[in-house]
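Give me a 3D structure for the following:
(one chain, ligands or ions: 1)
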Amino acid sequence: MPDPAIDRSIIETLRANFRARLSSAASDRDLKALTDEFLSRKSGSVTALLKHLGSLPADAKREFGQLVNTLKGDIETALADRRAALDDTRAPAGAVDVTLPARELPMGRMHPLMRVRQQVEDIFTRMGYEILEGPEVEEDYYNFEALNMPPDHPARDMQDTLYLDAPIIGGTWGAHRGALPEAQVRAATLLRTHTSAMQIRYMKTFKPPVRILVPGRVYRRDNLDLTHTPMFQQFEALVVGEGITLADLKGTLEALVHELFGADAKVRLRPSFFPYTEPSAEVDISCRACGGSGCGVCKHTGWLEILGSGMVHPAVFEAVGYDPEKVTGFAFGTGIERMAMLKYGVDDIRLFYENDIRFLEQFPL
Ligand SMILES: [Zn+2]
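This next block holds a predicted model:
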């Protein structure tokens, strides 16, 4: 027959064990393990004590039974309290958990063409150039005639022009209108085919020295393909002053190329023809893909053509009222798309205008 004093100590030992275990229980899983350990029907230690009751004499059974049932009730209550406390620390369904790390939001980024344009503007600003845009709807006079391309000039065929029906309202139209043949007058308002038109507007307004950069949109009657769009962007540089030489042009081009493409990029000038420059030169840089040894990108020449340039033609100076005996100058221009294609290795100009997020996301923030 068990001694009630010993039975009481068994119960108190069990209670102490339970309290110690409960104090370190911090999760649903811990509570489930505790419940199994003390209360499980098969192997719980409290259940084992209750099973033991049957072997006790009637009076001991009553006293011992009350003690075990009290312990069982205390354990159940303690487990329920702890479970409720754990639930309180959890956010209710649908609430915002402010302790979670933030979900990454998609970030907008600058368009690759705008990046190149801003980089070019930054380079020229540091070299002391003034930056201006000029009108996209232009007069034949500024776009062609004053740039040494009179109405019958064959060089006009080099550019498929988009003409407008409406004349420019409030423009400086009348002064040269009389000089144009009637057919040309009717078709003399156009979308500028190059930013060079702004050379004339600027020089007609300001005396030398001139140091300007003209970025902006230009338009040609081209169909969309890998390298053409009807609207694209150019930038054009013009420098005029006393004693400006071809060496100044080459030095400026090298500074630009080294900033845009890296200090190892080589620059080469090839003789060419433009009506508004003499001499004229196409400018190549050493191929960015192969470093100049020859590859598919550069058609195995080692060089990539990047822009057109030259010394300002005396006829242009005469058209704007500058004295070609006193001043000289250089000009160069190119497509911003072409720069971006070379810089980023893009082989299809249309990608710049399709706004496909998968394409745009490949450029750095
Ligand atoms: Zn190459």
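
Show me where the stretch 51-200 of the chain has its helices.
Here the stretch 51-200 of the chain has its helices, by DSSP state H, counting those that start in this stretch, at 58-89, 112-126, 140-143, 174-177, 182-186, 197-205.

swap that for the stretch 251-365 of the chain, sorry
For the stretch 251-365 of the chain, the helices defined by DSSP H, counting those that start in this stretch occupy 314-320, 336-344, 357-360.

Tell me which of those helices approaches residue 46 most closely.
Checking the helices of the stretch 251-365 of the chain against residue 46 by C-beta to C-beta gives helix 357-360 as the closest, at 63.0 Å. Heads up, the C-betas are built off the backbone N, CA and C, glycines and all.

Quick one: mean pLDDT for that closest one?
Helix 357-360 comes out with an average pLDDT of 91.

Up against the ion, what does the protein have?
287, 289, 290, 295, 297, 298 (C-beta under 5 Å from the ion).

And the buried ones among those residues, selectable in PyMOL?
Entered in PyMOL, the line below selects the buried ones among those, by 16 or more other C-beta atoms under 10 Å:
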select buried, resi 287+298
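
Show me which of the residues of the chain next to the ion is closest to residue 365.
Ranked by distance to residue 365 (C-beta to C-beta), these are led by residue 289 at 25.1 Å.

Could you tell me the model confidence score at the closest one?
85.

ok, and the closest non-adjacent residue to it?
What sits nearest to residue 289 in space, not counting adjacent residues and going by C-beta to C-beta, 6 or more residues apart in numbering, is residue 297, at 4.0 Å.

And the one you found, what's its pLDDT?
For residue 297, the pLDDT comes out at 84.

Surely it touches residue 285?
No - under the criterion of C-beta atoms under 8 Å, residue 297 is not in contact with residue 285, lying 12.0 Å apart.

List the residues that are in contact with both of the two.
Taking C-beta atoms under 8 Å, 6 or more residues apart in numbering as the contact rule, residue 297 and residue 285 both touch residue 304.

before we move on, back to that, hey, which of the helices of the stretch 251-365 of the chain is tucked in deepest?
helix 336-344 (a mean of 21; mean count of other C-beta atoms under 10 Å).

Domains in the protein, by residue range?
4-89, 112-360 (automatic domain parsing).

right, so those domains: which one is the most enclosed?
Sorting the domains of the chain by mean neighbours (by mean count of other C-beta under 10 Å), the first place falls to domain 112-360, with a mean of 17.

Endpoints of it, how far apart?
Terminal residues of domain 112-360 are spaced 8 Å apart (C-alpha to C-alpha, to the nearest Å).

again, but for stretch 36-56
End residues of stretch 36-56 are separated by 25 Å (C-alpha to C-alpha).

Could you list the low-pLDDT ranges of the stretch 1-150 of the chain?
1-7, 91-93 (pLDDT under 70).

ok and the residue in it nearest the ion?
The nearest approach of the stretch 1-150 of the chain to the ion comes at residue 116, 20.5 Å away (C-beta to the ion).

I'd say that residue and residue 343 touch.
Yes - at 6.4 Å, residue 116 counts as touching residue 343 under the criterion of C-beta under 8 Å.

and for these two, which residues touch both?
Here residue 116 and residue 343 have residue 260 as joint contacts, going by C-beta under 8 Å, 6+ apart.

Ends of stretch 90-98, what's the gap?
From its first residue to its last, stretch 90-98 covers 12 Å (C-alpha to C-alpha).

Contacts only, for residue 136.
Residue 136 touches 191, 192, 216, 217, 218, 219, counting by C-beta under 8 Å, 6+ apart.

tell me which of the residues you listed is nearest to the ion?
residue 218 (28.0 Å).

rewinding a little: return the residues in contact with the residue nearest to residue 289.
287, 288, 289, 290, 304.

Residue 21 now?
Residue 21 sits next to 34, 37 when contact means C-beta under 8 Å, 6+ apart.

What strand or helix carries it?
Using DSSP states H and E, residue 21 maps to helix 4-23.
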